[in-house]
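Q: this is a predicted model, with the sequence first.
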Amino acid sequence: MIDIKFLRDNPEAVKENIRKKFQDSKLPLVDEVITLDAERRSIQQQADQLKADRNKLSKQIGALMGQGKKDEAEEIKKQVAANAEKLAELDKQQTELEEKVTKIMMVIPNIIDPSVPIGKDDSENVEVQRYGEPVVPDFEIPYHTEIMERLQGIDLDSARRVAGNGFYYLMGDIARLHSAVISYARDFMIDRGFTYCVPPFMIRSNVVTGVMSFAEMDAMMYKIEGEDLYLIGTSEHSMIGKFIDQIVKEEELPYTLTSYSPCFRKEKGAHGLEERGVYRIHQFEKQEMIVVCKPEESPMWFDKLWQNTVDLFRSLDIPVRTLECCSGDLADLKVKSVDVEAWSPRQQKYFEVGSCSNLGDAQARRLKIRVDGPNGKYLAHTLNNTVVAPPRMLIAFLENNLNEDGSVRIPEKLRPYMGGKTLIK
């Protein structure tokens with residue numbers, strides 16, 4: 001959510017930003033906010049005047065009572081009572097207007113970074129750099145669930161009977177590999193100076209609306225019936241929510257945290273072949289990283305965060321590339337975003353395994369995360385990035401480490417987490 005003062009002073013800049021995100025239907029919202037905000041401020045001025053008058057009249061009442069002029073004092077009391085009724089009505093109107101303004105402001109997209117490429121959707125994202133040499137072996141690579149089934153590592157049929165489509169049982173060495181990747185990612189981030197955290201796996205609605213847009217919430221979140229609780233779709237929501245309504249000391253920044261959690265997502269809509277199996281699912285586990293920092297440091301942390309994911313995948317010999325997300329592919333709260341994609345030898349193309357985002361002060365404004373600095377209080381900047389999200393990451397892992405005989409190589413970095421195994425066969 002952008003600053004209302006910025007919108008008030010720069011309405012054309014806000015409209016141009018909306019156009020860059022190809023959301024022209026939202027253009028009228030800018031003028032609507034300005035009108036409502038002007039009305040709200042007018043009412044505020046009237047209320048402030050009435051409060052000033054009340055204080056002045058209260059002093060007059062005291063003086064008249066002291067002089068024994070009870071009748072005159074009673075007349076002024078009637079005026080005070082009438083003003084109180086009017087003030088109550090103004091307060092009600094102001095609250096209603098503030099709610100309307102806030103609701104609209106939460107729909108208007110954040111101002112994107114000038115470096116973001118302009119494009120309508122993810123098809124216009126821009127490749128930045130490749131890391132590692134993509135290899136296509138001279139033998140056929142099966143679909144990832146077939147690789148897992150041959151290794152007795154997955155049971156989708158039982159999962160469908162128990163929970164429906166979009167769920168899975170991981171078994172044996174594949175399940176162990178899944179846990180090994182999470183444990184390795186945890187230690188990888190700890191070694192880079194991040195504090196490990198296991199957060200709540202449910203969050204309240206005020207946290208949900210503080211960290212994401214209404215559209216994202218509807219598409220992603222599972223609501224707990226009868227409770228003001230949602231299952232998290234990613235632990236960054238719970239982790240950023242940790243700082244809600246907090247004033248943090250500037251000298252304590254940055255907060256660099258890495259978190260483990262299960263994640264739950266609706267994943268609405270039909271999906272093609274490549275999004276079956278364990279690619280697009282309702283339940284998965286994830287290692288995440290978040291940063292809360294000073295505004296001037298967020299560009300530096302943004303580059304560090306996506307580089308961490310690249311380095312982790314390269315340490316496991318998986319080729320990756322980075323993609324700069326275009327304006328139309330950015331969620332409304334994001335200032336800038338880079339996707340990390342892993343190489344798929346079977347498809348002979350890259351696919352997304354992580355996403356790094358700088359949200360500027362948008363989440364901090366919604367959640368009231370402020371920093372107490374030497375020159376006063378200001379809003380923090382928040383960033384997040386996927387370290388690794390198996391089982392999707394297992395697709396890249398299995399395809400890039402598959403041998404012709406059907407066995408799977410275990411890279412050296414993962415062997416301590418796999419009991420020393422060098423192969424799954």
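A: Thanks, I have the structure now. The structure presented is a predicted model; accordingly, all values stated were derived computationally and were not measured.

Q: average model confidence for the lengthiest helix in the chain?
A: In the chain, with assignment by DSSP state H, the single longest helix is helix 27-66. The average of the pLDDT scores along helix 27-66 is 84.

Q: also stretch 155-163?
A: Stretch 155-163 comes out at a mean pLDDT of 93.

Q: Asp138 is in contact with Pro345, correct?
A: No - here Pro345 lies out of contact with Asp138, judged by CB atoms under 8 Å, at a distance of 10.8 Å. Just so you know, the C-beta spots here come from the backbone N, C-alpha and C atoms, and that holds for glycine as well.

Q: check which residues of stretch 191-199 are buried.
A: For stretch 191-199, burial by neighbour count (16 or more other CB atoms under 10 Å) applies to 192, 194, 197, 199.

Q: report the separation between the second one and Ile154.
A: Computed as CB to CB, to the nearest Å, the Phe194 to Ile154 distance reads 31 Å.

Q: what about the helices in this protein?
A: Using DSSP H, helices in the chain cover 4-9, 11-20, 27-66, 70-105, 144-150, 156-162, 172-191, 205-211, 214-220, 235-241, 298-315, 362-367, 392-400.

Q: and the nearest residue to Gly193 once chain neighbours are set aside, what are its bridge partners?
A: Once flanking residues are discounted, Gly193 sits nearest to Thr256: 6.3 Å by CB to CB, 6 or more residues apart in numbering. Bridge pairing for Thr256 (DSSP bridges) gives the partners Val291.

Q: what about Thr256, how many residues nearby?
A: Residue neighbour count, defined by other CB atoms under 10 Å, stands at 19 for Thr256.

Q: check the one 4 residues further on too.
A: Residues within reach of Tyr260, counting by other CB under 10 Å, total 19.

Q: hmm, Gly233 is touching Ala219, no?
A: No - judged on CB under 8 Å, Gly233 makes no contact with Ala219 at a distance of 9.2 Å.

Q: between the two, which is the more surrounded one?
A: Shown here are Gly233 and Ala219; by other CB under 10 Å, Gly233 has more neighbours (24 against 15).

Q: nearest spatial neighbour of the more buried one, skipping sequence neighbours?
A: Met220 (4.2 Å).

Q: tell me how far Lys349 lies from Thr382.
A: Relative to Thr382, Lys349 is positioned 32 Å away (CB to CB).

Q: who has more neighbours, the two?
A: Thr382 (28 against 11).

Q: residues touching that one, list them.
A: By CB atoms under 8 Å, 6 or more residues apart in numbering, the contact set of Thr382 is 240, 290-292, 359-364, 369.

Q: show me what it is bridged to.
A: Val292.

Q: what does the one 4 residues further on give?
A: With DSSP bridges as the criterion, the beta-bridge partners of Thr386 are Glu288.

Q: tell me the predicted confidence for it.
A: On the pLDDT scale, Thr386 is placed at 95.

Q: show me what contacts it?
A: Per CB under 8 Å, 6+ apart, neighbours of Thr386: 286-289, 309, 340, 353-356.

Q: please apply the same query to Leu402.
A: Here Leu402 is in contact with 137, 141, 147, 345, 408-409 (CB under 8 Å, 6+ apart).

Q: any idea how far it is from Arg409?
A: 8 Å.

Q: residues near Pro137, how many?
A: With other CB under 10 Å as criterion, Pro137 counts 13.

Q: and Arg280, how many neighbours?
A: 16.

Q: that one and Arg160, how far apart?
A: From Arg280 to Arg160 the distance is 15 Å (CB to CB).

Q: any idea how many residues pack against the residue nearest to Glu98 when sequence neighbours are not counted?
A: Distance criterion CB to CB, 6+ apart; nearest residue to Glu98, sequence neighbours excluded, is Arg40 at 6.2 Å. Burial of Arg40, expressed as a neighbour count using other CB under 10 Å, amounts to 19.

Q: please apply the same query to Ala38.
A: Neighbours of Ala38 using other CB under 10 Å come to 12.

Q: now do the same contact list for Leu316.
A: Contacts of Leu316 (CB under 8 Å, 6+ apart): 397, 411, 413-414.

Q: most neighbours out of those, which is it?
A: Ranking the contacts of Leu316 using other CB under 10 Å puts Phe397 first, with 28 neighbours.

Q: my guess is Met105 contacts Ile2. True?
A: Yes - with contact defined as CB under 8 Å, Met105 reaches Ile2; the gap is 7.1 Å.

Q: identify the residues contacting Pro295.
A: 360-361, 378-381.

Q: equivalent analysis for Tyr350, please.
A: By CB under 8 Å, 6+ apart, Tyr350 lies in contact with 320-321, 341-344.

Q: at 6 Å what do you get?
A: 321, 341, 343 (CB atoms under 6 Å, 6 or more residues apart in numbering).

Q: same check on Leu97?
A: 36, 39-40.

Q: with Tyr196 instead?
A: 190, 258.

Q: likewise the one 5 residues further on?
A: Listed by CB under 6 Å, 6+ apart, the contact set of Phe201 reads 232, 261.

Q: list the buried residues for stretch 304-324?
A: 304-310, 312-313, 316, 318-324.

Q: which of the helices and strands in this structure ranks last by mean pLDDT?
A: In the chain, no helix or strand scores lower on mean pLDDT, DSSP states H and E than helix 214-220, which sits at a mean of 77.

Q: contacting residues around it?
A: 208, 233, 265-266, 268.

Q: most neighbours among those, which one?
A: Busiest of the contacts of helix 214-220 [other CB under 10 Å] is Gly233, holding 24 neighbours.

Q: so who does it touch?
A: 220-221, 263, 265.

Q: so how far is Glu288 from Met221?
A: Going from Met221 to Glu288 by CB to CB gives 16 Å.

Q: of those two, who's got more company?
A: The neighbour comparison of Met221 against Glu288 (other CB under 10 Å) goes to Glu288, with 27 against 20.
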